[in-house]
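**Q** Kindly return the folded structure for what I paste below:
(one chain, ligands or ions: 1)
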Amino acid sequence: MTDLIPHDKLSDMLPTGWVLCDEGTAMEKTFNFADFAEAFSWMTHMALVSEKVNHHPQMLYVYKTVQAYLTTHDANGITEKDITFAQKMNEVAGDV
Ligand SMILES: C[C@H](O)[C@H](O)[C@H]1CNC2=NC(N)=NC(=O)C2=N1
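**A** Numbers count the residues shown, from 1 in each chain. You can find the predicted model right below:
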């Protein structure tokens, strides 16, 4: 079982652009890409990464904007897995 990160520690651990939501049980970020192809390629890349690490974000796209949402369902809150995955999302997306 992956451990929940204590709520008071969470804010300092969020990667750039990510914010807490759902009463601190999840985190989200909106990515704005140059065009649809960029957005969807990134989503596909992240989907393949999520399969590799067995941790799956929620992603909602509207044309070239993607809202990413992370929580650890098994723990009903935010764990290291979410923080690490969010960092990876930022890294792959670049400065968007
Ligand atoms: C059975 C499977 O390993 C689990 O359901 C994994 C899959 N991907 C997951 N993704 C996320 N975001 N949270 C989980 O708890 C989780 N658990």
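**Q** For the longest helix along the chain, buried residues please.
**A** Counting by DSSP state H, the longest helix found in the chain is helix 36-53. Residues of helix 36-53 classed as buried by neighbour count (16 or more other C-beta atoms under 10 Å): 38-39, 42-43, 46, 49-50. In short, each C-beta sits where N, CA and C put it, glycine included.
**Q** Check stretch 87-96 too.
**A** Buried residues in stretch 87-96 (16+ other C-beta under 10 Å): 88-90, 93, 96.
**Q** Need the max-distance pair from these.
**A** Lys88 and Val96 (14.3 Å; C-beta to C-beta).
**Q** one step back: from the buried residues of stretch 87-96, which ones fall inside helices?
**A** Going by DSSP H, the helices hold 88-90, 93 from these.
**Q** Would you reformat those as CSV and include distance to Thr25?
**A** Converted to CSV, these look like this (distance: C-beta to C-beta, whole Å):
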residue, distance to Thr25
Lys88, 21
Met89, 18
Asn90, 21
Ala93, 23
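**Q** quick one: which of those is nearest to Tyr69?
**A** When these are compared for distance to Tyr69 (C-beta to C-beta), Met89 comes out closest, at 10.7 Å.
**Q** Can you give me the distance of that closest one to the ligand?
**A** Met89 sits 12 Å away from the ligand, going by C-beta to the nearest ligand atom, to the nearest Å.
**Q** and what of Gln58?
**A** Gln58 sits at a distance of 8 Å from the ligand (criterion: C-beta to the nearest ligand atom).
**Q** For that residue, give the beta-bridge partners.
**A** Per DSSP bridges, the residues bridged to Gln58 are Tyr69.
**Q** count of neighbours near it?
**A** Gln58 has 11 neighbours, counted by other C-beta atoms under 10 Å.
**Q** wait, what's in contact with it?
**A** 68-70 (C-beta atoms under 8 Å, 6 or more residues apart in numbering).
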